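Colleague: Got a sequence here, can you build the structure:
(one chain, ligands or ions: 1)
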Amino acid sequence: MATSCNIRVIARFRPLNAREKSGDQDQVVVQFPGEGTQLIMNQGGNQVPFTFDRVFPPDTHQEEIFEIVKSTVDDVLNGYNGTIFAYGQTGSGKTFTMFGSEDKDPELAGIIPRTNVHIFNKIAEDTSGSEFTIKCSFVEIYMEIIKDLLNPKNTNLKIRESKANGIWIEGLTEEFVADEHEIMDLIALGEQSRSVSKTNMNQRSSRSHSLLILTIEQKSKDGSIKRGKLNLVDLAGSEKVAKTGAEGQTLEEAKKINQSLSLLGNCIHALTESKREHIPFRDSKLTRILQESLGGNTKTTLMITASPHVSNVEETISTLKFGSRAKTIKNTVKVNSQKSAAELLAIIGVLTKELSSLKHYSLSLEKLVEYMKSPEYIPGSPIPEQLLCLAAPPPPAATSPTTTATSNNNTSTPSKASNRHSTALTSSPVSSPAGSASHRHSVALSTPLVNSLAAASAGVANGSGGRTSPSSENGTPSLYDPMAMVELTMQIDRIKEENQQLVDKFKDELSEITMQYESTKEELQQVRSQLEVTKESMRNADQESKSYKDAERSLKVEVENRELRITSLSQQVDDLRILASQVIHRLKYCEVEQENKDLSKRLQSMVENERIRLTAAVGSPQRARKSISTNGITSPNLSSQQSTPNTHIPDESITSISNNTTTDTTTSDSTANQEDEESEEFNELRIQLEQSESEKKSLNEYNLQLQSEASDMKSQEFKLLQEIKVLKSNGDLQLQEHLLFKEDVAMKSKLQQTQITNLQSELQSLQNKLNQEKQYKQKAQNQQIEISSKSNEIVKKLEEQNQSLQLQVDKQVCENEDLQQQYSQLMEKCQDLQNELTTAQRLLMNRRAVKVVRSDEKSMKRAYEIKLDFGQQFLKKTGKKLY
Ligand SMILES: Nc1ncnc2c1ncn2[C@@H]1O[C@H](COP(=O)(O)OP(=O)(O)OP(=O)(O)O)[C@@H](O)[C@H]1O
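Modeller: Numbers count the residues shown, from 1 in each chain. The predicted structure is shown next:
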C-alpha cells in the first residue's frame with residue numbers, strides 16, 4: 001500500500017579549515033541550541049533560525065551521521081526505493097560525508113562504505129531463507145554528459161522511463177556484488193575515472209555529480225519478490241567563481257555545475273508550490289535522474305553540508321533555504337513487490353469457491369422460487385424442509401484458500417490482494433460463526449429471506465391456518481407482514497449492492513492481475529530483446545570464429561608454403577654450400593696459382609736481368625733494341641710482361657737461363673752464334689711466357705669469376721639464412737598468436753554458450769510464467785463474466801420473486817383485512833356468547849348451590865352447553881385465546 005512521507009533533511013556543519021582558522025578566530029556564525037533539530041545563523045547581526053529533521057554541529061562523528069541515515073538503507077532492504085544525497089557549497093564536506101576521508105581511516109568512513117557493510121550484515125542476519133541479489137552501478141554527470149564510471153568508454157548515456165521500471169539509465173553497467181569489499185573495489189575503479197580538480201576552496205573538488213546505485217532484490221521462499229533501489233548521490237558543489245578562482249576548463253565546469261544545481265532548485269521550488277502542475281525535471285540530467293527521489297516513489301534523505309565560517313555565510317544561508325524547501329516535499333512510497341504464483345493461485349482459489357457457493361445458492365433459490373410458482377404451493381402452506389435446506393447457505397470450506405496462502409506465506413506482511421480480499425470479505429453485513437469468507441457471503445444473501453420463509457411456514461405449521469397477527473409472538477417477521485416485505489425489499493437491494501461490490505472487487509482484482517500480466521509481458525519482451533541481442537552477438541561471434549578459422553586455415557596454408565619454401569631454400573643453401581666448397585677448392589687451386597705467380601715473377605726478373613745482360617753484351621742499347629725487335633720483343637712488351645707476373649715457366653728453362661747468364665758474364669766477347677742461340681732460346685722463352693701469360697690471364701679471369709660467384713653465393717646464402725630466420729620467427733609468432741587467439745575464441749564461445757543456455761532457461765521460465773498468468777487471467781475473466789451473469793440472473797429472479805411475493809402479499813393483505821373484519825365480528829359474537837355462557841354458568845352454579853331443581857332447568861343448560869361448544873370450536877380453529 002502506498003504511503004506518503006516527507007523528504008528527510010539533515011544539516012551538517014564541517015569544522016573550520018586551515019584557511020578559515022588562519023583569519024579572525026571569532027568568525028563562526030552558527031549556533032546550535034536545543035535538541036539537535038535547530039540552528040541559528042547570524043547574518044549581519046540578524047539571527048535567522050532554521051529547523052531540520054536533524055542538525056549536526058562540526059564535531060559530529062561519521063558514525064553518528066550513519067546512525068541517522070541507516071533507516072533509509074533498512075527501507076531499501078524492505079523493498080522501498082531510497083535516496084541519500086548530499087548538497088552544499090563547494091568544500092563544505094559532501095564527499096567527506098558520503099564517501100569519507102581520503103586517508104582510509106575506518107573511523108572517518110562515510111555513509112557509502114558504512115551502508116555497504118550494513119547491507120551485508122543485515123543479509124547475514126536474515127533467517128527467512130530469502131535469496132538476495134545485489135547489483136551495483138556507478139555513474140557521473142559531467143558537463144551534462146552521463147558517464148559510466150565502471151566502463152568509462154560507455155559515455156553520453158541516455159535516460160529512459162518505463163511503466164515497469166520507472167526511470168533508468170540505458171546501457172549502464174550493472175555489476176553483481178557478493179560483499180561490501182566488491183562494492184568498494186568497484187568504487188575505487190570508478191574513482192579513477194572521476195573528474196576532480198584543485199580549486200581555491202578545495203584541494204580535491206568534485207567537478208561532476210556522482211551517483212552510486214545499489215539494487216537489492218530478495219526472492220522469498222514462496223517466490224514473491226521485493227526489489228529496492230538505493231541511490232547514493234554526491235553532488236558537485238555550488239561555487240562562486242570569484243572565490244574558487246576557476247578559469248579555463250574549471251570555469252566551464254563551474255558554470256555547468258551551478259546551472260544544473262539551479263535547475264535542481266527550480267524543481268524543488270516547483271514541487272513546493274501547491275498550484276504548480278508542471279515540474280521541469282526534464283531540464284537537466286540530474287533532475288531527471290532524481291525525479292523519482294523528489295516527490296516520487298522513493299524514501300529520500302537530503303544531507304545539506306555547510307561551513308560555519310562568516311566568509312561563507314551567504315552560501316550557507318542559501319544551502320539552508322534549499323534544505324528548508326526540500327523538507328516540505330512529500331513522496332508517495334510503496335514496496336516494490338511482485339506476487340508469487342502461489343499467491344495468485346490462492347486468490348483464484350478463493351474466487352472459484354465463492355463462485356461455486358454462489359452457484360449453489362442461486363440454484364437453491366431457483367428451486368425455491370420454482371416451487372413457490374408451482375401449483376403445489378398454496379400461499380401460507382409450509383415449505384418442504386428439503387427446499388429450505390437447499391436455500392440455506394452452503395457449508396463452509398474446511399480451510400479458506402486465503403488463510404492457507406497467508407499461513408504458507410509465513411511472512412509478517414500479507415500480500416496486498418489477499419489482504420484486500422479478506423478485508424472485503426469480512427466487511428459482509430452478516431457474520432457467520434464459521435468465519436469462512438464465502439460462507440459469510442452466502443449467509444448475507446440468504447438468511448433474512450429464508451428466515452422469513454421459514455417463519456411463515458412455521459406459522460402455518462402451527463395450525464393457525466395463515467391467519468396470524470402482523471407480528472408473531474417471538475418477533476420473527478411474517479410473510480404477511482408489510483414491514484417484513486419492506487425489509488425483504490431492502491434486503492434485496494442490499495444483496496444487489498453487495499453483488500455489485502463483488503463484481504467491482506472482481507474487476508479490481510482482474511485489472512490488478514492484468515497489470516501484473518502486462519508487466520510480466522514487458523519483462524518478457526525485455527528478456528526477448530536481450531536474448532535477441534545475445535543471439536546477435538553469438539551470430540557475430542560465430543562469424544568471427546568462422547573468419548578466425550578461415551584465417552587459421554590460410555595461416556596454416558601459408559605456414560605450409562613457407563615450410564616448403566624453407567625446404568627449397570635449405571636445398572638451395574645445401575647446393576650453395578656444395579658450390580662454395582667447390583669454390584673454396586678452386587680458391588685453393590688459386591693459391592697454387594699464386595705460387596705460380598710468384599714463380600713467374602721470379603722468372604720475369606730473371607728475364608729482365610737476362611735482357612739487361614744481353615743489352616750490355618751487344619754494347620749499345622740500339623743493337624740490343626734491334627736484336628730484341630728482330631725477335632719480336634719490345635721494351636713496352638717486356639714492361640707489360642713485367643706487370644703480369646703470373647707466367648708459368650718450366651724449371652729447366654729457368655736453370656738453363658740462369659746457367660746461360662752465368663756463362664755470358666764470364667765471356668764478354670761471345671760470338672753472334674751464341675747471340676742467335678740465345679735469341680732463339682729467348683724467343684722460346686718468350687713464347688712460353690706468352691702462353692703462360694694467356695693461361696694465367698684466363699685463370700685469373702676464371703678465378704675472379706669464381707670469387708665473385710662465391711661472394712654472391714655467400715651473400716645469397718646469408719640473405720636466405722636471414723630470410724629463413726625471419727620467416728621462422730614470424731611463423732612461430734603467428735602460430736603462437738593464432739593458438740592464443742583460438743583459445744580466447746573457444747573460451748568466449750563457451751561463455752556465450754552458457755550465457756545463452758541461462759538466458760534460454762530464463763526465457764523458458766518466463767514463458768511458463770506468462771502462460772500461467774495468461775491462464776489465470778483467462779480463468780479470472782471467465783469467472784468474472786460468469787459471476788456477473790449469475791448475479792444479474794439472481795437479482796432478476798429475486799426481483800421477479802419479490803414482485804410475485806409483493807402481489808401475493810398484497811392479495812394476502814386484502815384477504816387478511818377481510819378476515820380481520822370477519823374475525824373481529826366473530827370475536828364480538830364469541831364474546832357475547834362467552835358472556836352469555838358465563839352468566840348461564842353462574843346461574844347454574846347458583847342454582848346448584850340452592851339445590852333447587854326445576855323441570856325447565858335441564859333444557860336451559862343444554863342450550864348453553866351447545867353455545868359453549870360452538871365458541872370453543874371456533875377458538876380452536878383460529879388458534880386464538882380469550883383474554
Ligand atoms: N566533517 C568534517 N570533518 C573533517 N573534515 C572535513 C569535514 N567535512 C569536510 N572536511 C574536509 O574538508 C575538505 C573538503 O571536503 P569535501 O571534499 O568533502 O567537500 P565537497 O563539498 O565535496 O567539495 P566539492 O563540492 O568541491 O567536491 C576535505 O579535505 C575534507 O576532508
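
Colleague: Relative to residue 808, how far out is residue 377?
Modeller: 10 Å (Cβ to Cβ, to the nearest Å). (Glycine included, C-beta is placed from N, CA and C.)

Colleague: could you give the mean pLDDT of stretch 14-26?
Modeller: Looking at stretch 14-26 alone, the average pLDDT works out to 80.

Colleague: Sorry, wrong one. I was asking about stretch 510-518.
Modeller: Rounded mean pLDDT across stretch 510-518 is 75.

Colleague: Buried residues in it, which are they?
Modeller: Residues 510, 512-513, 516-517 are the ones in stretch 510-518 that count as buried (16 or more other Cβ atoms under 10 Å).

Colleague: Please state the mean pLDDT value computed over the helix or strand containing residue 817.
Modeller: Using DSSP states H and E, residue 817 sits within helix 672-850. Here helix 672-850 scores 78 as its mean pLDDT.

Colleague: what does stretch 54-72 give?
Modeller: Mean predicted lDDT for stretch 54-72 stands at 95.

Colleague: Can I get that stretch as PDB, trimmed to CA atoms?
Modeller: Output of stretch 54-72 as PDB, limited to C-alpha atoms (Å, rounded to 0.1, in the frame of the first residue of the first chain):
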ATOM      1  CA  ARG A  54      18.400  16.700  12.500                       C
ATOM      2  CA  VAL A  55      21.200  19.300  12.800                       C
ATOM      3  CA  PHE A  56      24.800  18.200  13.400                       C
ATOM      4  CA  PRO A  57      27.500  20.600  14.700                       C
ATOM      5  CA  PRO A  58      31.100  20.400  13.400                       C
ATOM      6  CA  ASP A  59      32.400  17.900  16.000                       C
ATOM      7  CA  THR A  60      29.900  15.200  14.900                       C
ATOM      8  CA  HIS A  61      31.400  11.800  14.100                       C
ATOM      9  CA  GLN A  62      30.800   9.900  10.900                       C
ATOM     10  CA  GLU A  63      29.100   7.100  12.800                       C
ATOM     11  CA  GLU A  64      26.500   9.400  14.400                       C
ATOM     12  CA  ILE A  65      25.600  10.600  10.900                       C
ATOM     13  CA  PHE A  66      25.200   7.000   9.600                       C
ATOM     14  CA  GLU A  67      23.000   6.000  12.700                       C
ATOM     15  CA  ILE A  68      20.500   8.600  11.500                       C
ATOM     16  CA  VAL A  69      20.500   7.800   7.800                       C
ATOM     17  CA  LYS A  70      20.600   4.000   8.100                       C
ATOM     18  CA  SER A  71      16.800   3.700   8.300                       C
ATOM     19  CA  THR A  72      16.700   4.700   4.600                       C
END
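
Colleague: Residues contacting that stretch, please?
Modeller: 8, 10-16, 32, 36-39, 82-84, 97, 100, 107-111, 114-115, 118, 230, 299-301, 303, 308 (Cβ atoms under 8 Å, 6 or more residues apart in numbering).

Colleague: same thing but at 7 Å, please
Modeller: 10-15, 32, 36-39, 82, 84, 97, 100, 107-111, 114, 118, 299, 301, 308 (Cβ atoms under 7 Å, 6 or more residues apart in numbering).

Colleague: what subset of the residues you listed is also close to the ligand?
Modeller: Contacts with the ligand within the contacts of stretch 54-72, counted by Cβ under 6 Å from any ligand atom: 14-15.

Colleague: hang on, the earlier thing: between the buried residues of stretch 510-518, which is nearest residue 541?
Modeller: residue 517 (34.8 Å; Cβ to Cβ).

Colleague: tell me which of the buried residues of stretch 510-518 is nearest to the ligand?
Modeller: The nearest member of these to the ligand, counting by Cβ to the nearest ligand atom, is residue 516 at 43.0 Å.

Colleague: tell me which element the closest one falls in.
Modeller: helix 482-618.

Colleague: now residue 15
Modeller: Using DSSP H and E, no helix or strand contains residue 15.

Colleague: can you pull the contacts of it?
Modeller: Taking Cβ under 7 Å, 6+ apart, one finds residue 58 in contact with residue 15.

Colleague: From residue 98, how far out is it?
Modeller: 17 Å.
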